[in-house]
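**Q** Below: sequence and its predicted model.
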Amino acid sequence: MAPKLYYFAIPGRGEVARLLFHIGNVQFEDVRIDGPTWPEQKSKFPFGQVPVLELDDGRMLAQSGAIGRYVAKLAGLYPEDPIQAAFADQAVFLVQDVWDATLMPSFSLPAEERAKARQDALAGKGGDKLKQMEKLLEPVEKSGGWVAGGDKMSFADLEIYVSLSNLVCGMFDGIPKNLLDSYPVLKAYRNRVAQVPAIKAFYDKDGEGVRAAFRPDA
């Protein structure tokens, strides 16, 4: 039985695993939860949240980071070298810092206050974290390489690509779709990953709505 990935139809935190399965040609079932049915399904998942990966023996693996690393190993996109794996993780943890500084605080606010909070975050800590990501990626982009080092893309590159694309896909009030114009290194890197043939093919088939932001030159 192929593993089942449970997540909503949006890209969000399930998209990295979807891409890893696709790039690695690993068979899986992409179970996209319909929002209205979520309350009745919530209790069957560990921690009451998704994404969740149901393994072929029926066990359920929660937490997007754990799922991503597991599927990356299946797909051959988890570095075998310990140093490269550490640098991949470094990049992924920075992605989480960007998310925490830019978006997470606003989710606890009333809807009418979120856009202003996100704009303030971009002018402060969120913007600082994006600049740190630019600093990390500048030598990578100049060399045409990848964040773990070497000449092979890893799951960390997908984490950054998905995070940046999610950020500007239009789902978050207060975050402009042209945000990356202010961060040319991030824009160039995101676009380069989007042009990887397997990734481009994925969004040629499933690139409507918010996923349009995941296409090359978006």
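**A** Thanks, I have it.
**Q** quick one, phi/psi of E54?
**A** phi -90, psi 120 (degrees, to the nearest 10).
**Q** okay, now it: neighbour count?
**A** 20 (other CB atoms under 10 Å). To be clear about C-beta, it is placed using only N, CA and C from the backbone, and glycine gets the same treatment.
**Q** Report the beta-bridge partners for the residue nearest to it when sequence neighbours are not counted.
**A** Excluding its sequence neighbours, the residue lying closest to E54 (CB to CB, 6 or more residues apart in numbering) is K4, at 4.2 Å. Beta-bridge partners of K4, counted by DSSP bridges, are E29, E54.
**Q** Which helix or strand in the protein has the lowest average pLDDT?
**A** Among the helices and strands of the chain, helix 38-41 carries the lowest confidence by mean pLDDT, DSSP states H and E, at a mean of 94.
**Q** on that earlier part again, what's around the residue nearest to E54, how many residues?
**A** 15.
**Q** Relative to V52, how far out is it?
**A** To V52, K4 is 9 Å away according to CB to CB, to the nearest Å.
**Q** Which helix or strand contains the residue nearest the centre of the chain?
**A** Nearest to the geometric centre of the chain sits V162, at 3.3 Å (CA atoms, centre = their mean). Element membership for V162 (DSSP states H and E) is helix 155-167.
**Q** counting contacts, what elements does that helix pack onto?
**A** Contacts defined by 3 or more CB pairs under 8 Å, 6 or more residues apart in numbering; DSSP states H and E place helix 155-167 against helix 15-23, helix 64-75, helix 82-102, helix 184-194.
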